[in-house]
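Engineer: how would this look folded up:
(3 chains)
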Amino acid sequence: MTADNSTKPVITLSGVSKAFGATKVLQEINLDVKLGEVLVLIGASGSGKSTVLRIMAGLETADAGEVWVNEVPLHDARRAREIRGHVGMVFQQFNLFPHKTALGNVTLALIKARKMAPDEAKRRAIAALERVGLAERAEHYPSQLSGGQQQRVAIARSLAVEPRIMFFDEATSALDPELVGEVTEVMRGLARDGMTMVVVTHEMGFARKTADRVVFMDKGVIAEQGEPEAFFTSPQQERTRQFLHRVLDH
Amino acid sequence: MSYQWLTLWGYLPDFIRAGWLTLQITLLAFCLALALGLVAALASAARTRVLRLAASCYIELIRNTPILLQIFIVFFGLPSLGLHMSAYTAGVIAFGVNVGAYLAEVFRAGIQSVPKGQREAASILGLERSQVFVSVVLPQAARAVYPAIVNNLIQLLLGTSLLSGIALPELTGTATVINSRTLLYLQTFTFTLISYLILSNALSWIAEQIGKRSFHPPLVLKQRSRNPLARRSSRA
Amino acid sequence: MSTELLMASLSTLLQGLLVTLLLSVCAIAGGTLIGLLAAVLRSFGPWGTSTIAKLYTELFRGTPILITLMFIYFGVSYFGYSINEFAAGVIGMSIYQGAYIAEIFRSGIEAVPKGQWEVSQILGLTRTQAFFSVVLPQTRKIVLPPLIGQYLSLIKDTSIVSMIGLSELMRGGQGIVDRIGKPIEIYGLVAVLYFIVCFPLSQWVRHHDRRSLL
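Structural biologist: Residues are numbered from 1 along each chain as shown, chains lettered A, B, ... in the order given. Below you'll find the predicted structure:
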């Protein structure tokens, strides 16, 4: 969970703006993420937090500004593809391949994209599944797994390609409440092991306990950011206070 | 009365022969349709405008004109351009081309139905665009389109009855001949009806078995309909 | 092809087109009524009627339209009555298309969430009231595109009635080709006429159909 301050940031956003049609979703975002840091993005729907994440992951392109991830200039259309296979993304809807077993889901990219030998891929896949606690479900299909299990397989799938950075787009929002814990537990484990993580979430507990830095986004700009303890106990901005009030005290 | 049914029973070999012919044409035409449909579906998603245009012309032309007309154009029209063919060939071509246009739409819709997130997840994992298509999109699209494909196959089977209009001795044609010979109208057409029912149900059943075995998880074709007001339900 | 020939052919074909359209309209009306009836009987009728409705749809969706037409046309004369081709066409097409339309209505009815029925019940509506005032209107959006699509099929299928002798568009074309040949030109013209009628409908359906796997 400790961030390395002396090295160059692994992610840099400068002056990033994005609009969908007439709606301005992001306005002049400047954000750095250091190696090993766990950054948590919070905010209301439409605040732009998911868009920031997706731009970092290379799923969307910014209209303006520079995006450097892992030393790949994502704003340069010719080089943007280099990021594929080097970052991991965990989606709200899991996006597991329904026609493959858990093991098949994890090995697919290893065999096809990394051109790994099937045995080697299988070994790596089992290791990844073990890391998320699902090695004994390797031969199950996604339809035979609970939501929490599916999401953990999705995490294993991303881990297997050994990414430098993992992105989590509301990874627990589609889960029944009692299944959220097993996924956040895995995420905490990754953070402990030093993974660089950018997490969009509504789980304030996770943000408070695991984040190195919390970023609050509102209407397309970064309204406030800071260390979790300070952020949650004494937010500086009025709108941050309002948001936290709505989210934390029902 | 039973004497009449017995007479018809004597024509069983003719019915079987006709049914076999019907089946042959159905399967051959369907293979052609699958090929054409796939090509047209890929062409509609192509980057070159000419391909897209060609595909949509093909699809729209076929879908907005009757199959009977298409059969006549193939059988009566093509010879005037120098292409002579048997009724059998004309049947296979006409139905292949016709059903191909419908399958093109089915394939296209099936591919589109695969959620965008699947492509995103595969892409982030490092898969190339072609790998994403073959390993992730296609298997899921195939599962989605399977019922519609089977439906089209059955419709093709039933459609072959129109080939009696170009004097092909398939089921309907044979039935008409037997009818004019025996004048046992009721019996003849009942036999024919039953033959078609047997053929279409047999094909459905085979398709269902294939569906169960080829897909993970197994694909079930016959949907039990949910009826909100089913009186036969014993639940209060 | 000389212009007089073209004009003469065109006038014959247009007369045939008129018959085609007339037949289509009648069969659409008949088929929709039968289809709605069958769907209602299947979903809400007692077990016996419901099964009959179910058998009806399965029978006519599993057999060729031509057989149905022949059954009616020859059957009537078998019993000593006479029927003209147009009437046989209307009856045959209505019964045949009714089976498909019944399925469309049935899935429309079932697509309306069960909660709508429950709410109506709690509010005190009878089942008939619930059906006509609450459920049926909600089926409209789901049912309309496939229904129009089915009507489109119907219009094209009227060409099959030519095979029992009705002088509609297809027959008209055949007649001309029998006399003067030139199948490509004449059938091409017939195709254009069908296309003009069908294309607007199919574009409408394409635009409005969310269940694009039809």
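
Engineer: in which helix or strand would I find residue 152?
Structural biologist: All of this refers to chain A. helix A:147-160 (DSSP states H and E).

Engineer: actually it's chain C I care about, not the one you picked
Structural biologist: helix C:136-157.

Engineer: biggest helix in chain C, by residue count?
Structural biologist: helix C:3-44 (DSSP state H).

Engineer: which helices and strands sit right next to the helix or strand that B:S180 is a member of?
Structural biologist: Using DSSP H and E, B:S180 falls within helix B:171-182. Judged by 3 or more CB pairs under 8 Å, 6 or more residues apart in numbering or on different chains; DSSP states H and E, the packing partners of helix B:171-182 are helix B:2-9, helix B:12-44, helix B:185-214, helix C:65-78. Backbone N, C-alpha and C define where each C-beta goes, glycine included.

Engineer: Mind checking those for the one nearest to chain A?
Structural biologist: Chain A lies closest, by CB to the nearest CB, to one member of the helices and strands packed on helix B:171-182: helix B:185-214, at 10.5 Å.

Engineer: Would you mind naming what in chain B lies close to chain A?
Structural biologist: B:115, B:117-118, B:120-128, B:131, B:135-136, B:139-140, B:143, B:215-217 (CB under 8 Å from any CB of the partner chain).

Engineer: In helices, which of those residues fall?
Structural biologist: Short answer: these in helices (DSSP H) are B:G117, B:Q118, B:E120, B:A121, B:A122, B:S123, B:I124, B:Q131, B:P139, B:Q140, B:R143.

Engineer: For chain C, give me the ranges with low pLDDT.
Structural biologist: Within chain C, the stretches with pLDDT under 70 are C:1, C:210-214.

Engineer: now do chain A
Structural biologist: Those would be A:1-6, A:249-250, if you go by pLDDT under 70 across chain A.

Engineer: and the lengthiest helix in it with helix A:147-160, angle?
Structural biologist: Criterion DSSP H: the longest helix present in chain A is helix A:177-192. In terms of direction (axes from the mean of the first three to the mean of the last three CA atoms, to 10 degrees), helix A:177-192 departs from helix A:147-160 by 20 degrees.

Engineer: Which neighbouring elements make contact with helix A:177-192?
Structural biologist: helix A:147-160, strand A:196-200, helix A:204-210.

Engineer: Name every sheet partner of the second one and say whether each one runs parallel or antiparallel.
Structural biologist: With DSSP bridges as the test, strand A:196-200 is paired with strand A:38-43 (parallel), strand A:165-169 (parallel).

Engineer: can you list the residues that contact it?
Structural biologist: A:10-11, A:33-42, A:49-50, A:52-53, A:56, A:164-171, A:187, A:190-191, A:206-207, A:211 (CB atoms under 8 Å, 6 or more residues apart in numbering or on different chains).

Engineer: Quick one, which of those residues are buried?
Structural biologist: For the contacts of strand A:196-200, a burial check counting by 16 or more other CB atoms under 10 Å in any protein chain shown picks out A:10-11, A:33-42, A:49-50, A:52-53, A:56, A:164-171, A:187, A:190-191, A:206-207, A:211.

Engineer: Quick check on B:H84: phi, psi?
Structural biologist: phi -100, psi 140 (degrees, to the nearest 10).

Engineer: Ramachandran angles for whatever residue of chain A ends up closest to chain C?
Structural biologist: Chain A approaches chain C most closely through A:P98 (17.5 Å), counting by CB to the nearest CB. Main-chain dihedrals, A:P98, degrees, to the nearest 10: phi -70, psi -20.

Engineer: Likewise for A:M217?
Structural biologist: phi -110, psi 140.

Engineer: for it, what are its contacts?
Structural biologist: A:M217 touches A:L41, A:I42, A:G43, A:S47, A:G48, A:K49, A:V52, A:A223, counting by CB under 8 Å, 6+ apart.

Engineer: Does the second one touch A:G205 like I think?
Structural biologist: Just to be clear, that refers to A:I42. No - A:I42 is beyond contact range of A:G205, at 11.8 Å (criterion: CB atoms under 8 Å).

Engineer: Am I right that A:S17 sits in a helix?
Structural biologist: No - assignment of A:S17 by DSSP: H, G, I helix; E, B strand; the rest coil gives strand, placing it outside any helix.

Engineer: ok so, going back, farthest-apart pair in the contacts of A:M217, please.
Structural biologist: A:V52 and A:A223 (13.0 Å; CB to CB).

Engineer: still on that earlier bit, for the longest helix of chain C, name the packing helices and strands.
Structural biologist: So helix C:3-44, by 3+ CB pairs under 8 Å, 6+ apart, packs with helix C:47-61, helix C:85-111, helix C:136-157, helix C:169-180, helix C:183-208.

Engineer: Just grab the bridge partners of A:V214 for me.
Structural biologist: Bridge pairing for A:V214 - DSSP bridges - gives A:V40, A:G226.

Engineer: got the contact list for it?
Structural biologist: Per CB under 8 Å, 6+ apart, neighbours of A:V214: A:V40, A:I42, A:A207, A:Q225, A:G226, A:E227, A:P228, A:F231, A:F232.

Engineer: how about a markdown table for those residues, with distance to C:G62 added?
Structural biologist: Converted to a markdown table, the contacts of A:V214 look like this (distance: CB to CB, whole Å):
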| residue | distance to C:G62 |
| --- | --- |
| A:V40 | 59 |
| A:I42 | 58 |
| A:A207 | 60 |
| A:Q225 | 66 |
| A:G226 | 69 |
| A:E227 | 70 |
| A:P228 | 66 |
| A:F231 | 67 |
| A:F232 | 66 |
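
Engineer: number of nearby residues for B:I149?
Structural biologist: Residues near B:I149, counting by other CB atoms under 10 Å in any protein chain shown, number 21.

Engineer: Just say helix, strand or coil for it.
Structural biologist: helix.

Engineer: That one - nearest residue in space that isn't next to it in sequence?
Structural biologist: B:V106 (6.5 Å; CB to CB, 6 or more residues apart in numbering or on different chains).

Engineer: what are the phi and psi values for the one you found?
Structural biologist: phi -60, psi -50.

Engineer: swap in A:L145?
Structural biologist: Residue torsions, per degrees, to the nearest 10, at A:L145 are phi -110, psi 150.

Engineer: follow-up on the earlier one: isn't the residue of chain A closest to chain C up against B:A144?
Structural biologist: No - A:P98 lies out of contact with B:A144 (CB under 8 Å); the separation is 10.8 Å.

Engineer: What's the ChimeraX line that selects buried ones from the residues of chain B next to chain A?
Structural biologist: Only the buried entries of those go into this ChimeraX selection, using 16+ other CB under 10 Å:
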select /B:117,118,120,121,122,123,124,125,126,127,128,131,135,136,139,140,143,215
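
Engineer: which ones are touching residue 155?
Structural biologist: With no chain named, the answer covers chain A. By CB under 8 Å, 6+ apart, the neighbours of A:I155 are A:G88, A:V90, A:V132, A:M166, A:A171, A:V183, A:V186, A:M187, A:L190.

Engineer: nope, chain C please
Structural biologist: C:T20, C:L21, C:S24, C:Y194, C:V197, C:C198, C:L201.

Engineer: Compare those residues and tell me which has the most neighbours.
Structural biologist: Of these, with other CB under 10 Å as the count, C:T20 tops at 28 neighbours.

Engineer: Doesn't A:E60 lie inside a helix?
Structural biologist: No - according to three-state DSSP, the state of A:E60 is coil, so it is not within a helix.

Engineer: So it is in contact with A:T51, correct?
Structural biologist: Yes - at 6.3 Å, A:E60 counts as touching A:T51 under the criterion of CB under 8 Å.

Engineer: what sits in contact with each of the two?
Structural biologist: Joint contacts of A:E60 and A:T51 (CB under 8 Å, 6+ apart) are A:K18.

Engineer: Who has more neighbours out of those two?
Structural biologist: Taking neighbours as other CB under 10 Å, A:E60 and A:T51 compare with A:T51 leading, 22 against 19.

Engineer: quick one, what contacts the closest residue to A:G189 other than its chain neighbours?
Structural biologist: Once flanking residues are discounted, A:G189 sits nearest to A:R131: 7.5 Å by CB to CB, 6+ apart. By CB under 8 Å, 6+ apart, the contact list for A:R131 reads A:A156, A:L159, A:V186, A:G189.
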